[in-house]
Each structure stands twice: as C-alpha cells, then as structure tokens.
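**Q** Pasting the sequence and the predicted coordinates here, then a few questions.
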Amino acid sequence: MTKFLSLHDAIAQNVHDGDVVAFEGFTHLIPIAAGHEAIRQGIKDLTVVRMTPDIIYDQMIGMGMVKKAIFSYAGNPGVGLLRRMRDAVENAWPRPLEIEEHSHAAMANAYEAGAAGLPCAIFRGYKGADLANVNPNIRSVTCPFTGEELAAVPAIRPDVSVIHAQKADAKGNVLVEGIVGIQKEAVLAAKRAVVTVEEVVDDLECGPNACVLPDWTIAAIAVVPGGAHPSYTQGYYDRDNSTYLEWDKVSADREAFQTWIEDNVLDVGPDVFAQRIENLRSAA
C-alpha cells in the first residue's frame, strides 16, 4: 500500500547505499527536491540511470554519491556541459565515475522492457553508430522470423525510481500531465517507486487519456510543492532558466560547487522549494 511520508522518510526508507536508482524526468517534472534529499542523507555508491542527466545528477556526482551513470545525452539543458560529471570522468574527482552511454531510443526501450519484465530490449537502432565500440551492453540479435539484424540492450530494472508529478489523491493514485517522458515505465520497471507531488486532492479529475499511476505501483508519496524547481511543472510553475545559467558558472569550480551545495542543499530543507516557487509567482 502506498505510504504518504515526509520527503526525508520517503527517501530514507526506499533509497539505499549501492542501489540502482532512476531520478527520471524529461526536461519536465524533474525530481530535484528528492535528489537534494538524497544528497543530504549522504547516500553513496549509487548507479544512477536517466535518459537526460542534468544538473541534479551533476550535483549528486559532484558529491561523490555515484559510482556509475547509465544515460543518454548528459548536459545542462540549453546551456552546455555537466561540469561535475566531466570532472569525475576525466579527473576522477571526487571519485572515479563509470559511464554507460546509450541513445534515447535504447533507454526508452530498455525501460519498457523492464516494465514488461523482459530481460532485454530489441529494436532498430545503432546502425552506423560507434557507441557499440565503447559500450559492451550494446549488442545485436537476428530476428528468427525475418533474419533482420536488430539492436539489443539490457532491460532497465532499477531498485528504485523517483519521479515528480502534479497530483495524488488520498488513495495514493498519481496523475502525471504534460511531457511525461519515460516516467511511467520507470515506475513500472522498478522494485520500488517514490513520487513527490505538488498537492493531494480529493479527485484527480483526469481525462480518459491521462497518465495515472495506480497506488499499487508506488511505495511512497511525499507532498513537496515546488519539488521540480528549477525544472517546471505544467499547470504550476515555469522553468527557472536563471538557475540553469547560474549552475554553469558554479559547477565550473570545485570550491564554488561545494559552497553552493552547502548553502542551497545541505543547510536547507524541502520547504525552501515551496518558498522559491512563491517568490517566482510573485515576480511574474
């Protein structure tokens, strides 16, 4: 049964040292507050999975929490590099980082395979690409019906997936609207799922084609208004582009990065996100 917990308890009970974790969100609904709570709790030796690692994974990598990243495209969206990730790969600071790079299509298919309980994903892709030369988990199979050569990658089945969404009802059902990305499949593929939401409502009031995650797919829900900031939550607040621009400067220097983490993550709680959103709304 889904549990409504504080953000601290939702992460503490479900994200453990050494886990394979997916903090998923495709430009939208990125679970930033949950990632910051994982940083505050000092969880370590994680394998992190994400279609588009952005600044939250950069922060987790910079804090030495991550031993391996499985991803497709890594960058500060619309700005440039993930500088803490690059420092870890090139200079092993603050620790060595193993990487496994895929295409978006491979990651999406791998999540779907995990959600379906399959051992691998088979799809058309990677022809003419060089990623297979550096990623041994990109392989090929021959279709037994047509003889066509197809790409194959391992299914993604995280120990825990963490997402942000708009609403939950009192029973623990969750509504995800807007750009959904691969969040639904990430939840269904995982052993456990944690969802942060903007609010709890009596009725989700969703249409027939809405993405609703039923309560039995979710281990814990935490109510965290503003929990996706500086990414956006459709219907609640816009993307805070200034924070992404600021991160490019902050993350370029190790000492500046550590100071920023202390001031903006370690020394603050989840209620800060709600206040930031109110400030943004007031300024709009």
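**A** Cool, got the structure. Numbers count the residues shown, from 1 in each chain.
**Q** and the closest residue to residue 191 other than its chain neighbours, how many neighbours?
**A** The shortest distance from residue 191 to any non-neighbouring residue, by CB to CB, 6 or more residues apart in numbering, is to residue 159 (5.3 Å). (C-beta placed from N, C-alpha, C; glycine too.) Around residue 159 there are 17 other residues, counting by other CB atoms under 10 Å.
**Q** Let me see the contact set for residue 159.
**A** In this structure, residue 159 makes contact with 16, 19, 20, 21, 190, 191, 192, judged by CB atoms under 8 Å, 6 or more residues apart in numbering.
**Q** Let's see that with 7 Å instead.
**A** Residue 159 makes contacts with 19, 20, 21, 190, 191, 192, as judged by CB atoms under 7 Å, 6 or more residues apart in numbering.
**Q** What distance do you get for it to residue 47?
**A** Separation of residue 159 from residue 47 (CB to CB, to the nearest Å) stands at 9 Å.
**Q** Need the residues touching each of those two.
**A** Common neighbours of residue 159 and residue 47 (CB under 7 Å, 6+ apart) are residue 20.
**Q** how about the strands of this structure, start to end?
**A** Counting by DSSP state E, the chain has strands at residues 3-4, 20-23, 46-50, 66-71, 98-101, 120-123, 139-142, 149-154, 160-169, 174-176, 192-201, 211-213, 220-223.
**Q** Tell me which of these lies nearest to residue 262.
**A** Residue 262 lies closest, by CB to CB, to one member of these: strand 66-71, at 19.0 Å.
**Q** ok, now how distant is the closest residue to residue 71 other than its chain neighbours from residue 6?
**A** Leaving out its chain neighbours, the residue that sits closest to residue 71 by CB to CB, 6+ apart is residue 53, at 4.8 Å. In this view, residue 53 and residue 6 are 26 Å apart by CB to CB.
**Q** swap in residue 109?
**A** 35 Å.
**Q** which one of these two has more residues nearby?
**A** residue 109 (25 against 15).
**Q** Next up, the contacts around the more buried one.
**A** Residues in contact with residue 109 (CB under 7 Å, 6+ apart) are 121, 123.
**Q** Next: the one 4 residues further on.
**A** For residue 113, the set of contacting residues under the criterion of CB under 7 Å, 6+ apart consists of 120, 121, 155.
**Q** Just the buried residues out of those residues, in ChimeraX syntax.
**A** A single ChimeraX command selects the buried members of those (16 or more other CB atoms under 10 Å):
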select :121,155
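**Q** of all the contacts of residue 113, which comes closest to residue 59?
**A** Checking the contacts of residue 113 against residue 59 by CB to CB gives residue 155 as the nearest, at 27.6 Å.
**Q** Let me know the pLDDT of that closest one.
**A** Model confidence at residue 155, given as pLDDT, is 98.
**Q** separation between the residue nearest to it when sequence neighbours are not counted and residue 185?
**A** Excluding the flanking residues, the one nearest residue 155 by CB to CB, 6+ apart is residue 113, at 3.8 Å. According to CB to CB, residue 113 stands 9 Å off from residue 185.
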